[in-house]
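In: With the input below, show me the fold.
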Amino acid sequence: MKTMGLFLAEGQRLVYSIRPDATVREALELMAQKNIGALLVMDGPALAGIFSERDYARKVVLQGRSSNDALVQDIMTAQVITVQAAQNIDECMQIMTDKHVRHLPILEGQRVIGLISIGDVVREMMAHQKTIIEQLHSYIAG
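Out: Sure thing, here's the model as predicted:
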């Protein structure tokens, strides 16, 4: 099974981020523009948190706050669950399932090198299973 570093190296995967002092509205506009469900919150080169649609729904909408006034740093998830580049897809799926998260920042040491979503993990696992099935068919037929 592929490591996260290899997964990232195989394709151009842009990681979008926002400053902690940005407004929630700015974050939502960027997410809508890029058609993504989460943004990394970066304080310079350091990962400060993650802001997701779930954060918005639970901490702005349900609490009657204004996205024009609320700051990302007040809404974001500060205790970010991350994975290292050496971890594999299976480990990521297990973490996402156990921790009920949909996005995992990928780190190399303390440096952010990517972000993976549950959709990415499912697609990668399906591709891996397809390869195994093709190999088994070839072995049986060969």
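In: Quick check: closest non-adjacent residue to the most centrally placed residue in the chain.
Out: Nearest to the mean C-alpha position of the chain, counting by C-alpha atoms, centre = their mean, stands residue 103 at 2.8 Å. Excluding the flanking residues, the one nearest residue 103 by C-beta to C-beta, 6 or more residues apart in numbering is residue 38, at 4.3 Å. All C-beta atoms are positioned from the backbone trio N, CA, C, and that covers glycine.
In: who does the residue nearest to residue 45 when sequence neighbours are not counted bridge with?
Out: Nearest-residue entry for residue 45: residue 111, 7.0 Å, with adjacent residues in sequence omitted and distances by C-beta to C-beta, 6+ apart. Counting by DSSP bridges, residue 111 forms beta bridges with residue 108.
In: and the residue nearest to the centre of the chain, how far is that from residue 141?
Out: Residue 103 is 41 Å from residue 141, where distance means C-beta to C-beta, to the nearest Å.
In: now swap in residue 122 and tell me
Out: Distance of residue 122 to residue 141, computed by C-beta to C-beta: 29 Å.
In: between those two, which one's more packed in?
Out: Applying other C-beta atoms under 10 Å to residue 122 and residue 141 shows that residue 122 carries more neighbours, namely 13 against 6.
In: Can you name every helix or strand that the host helix or strand of that one contacts?
Out: Per DSSP states H and E: residue 122 is located in helix 118-141. Helix 118-141 is packed against helix 89-99, with contacts defined by 3 or more C-beta pairs under 8 Å, 6 or more residues apart in numbering; DSSP states H and E.
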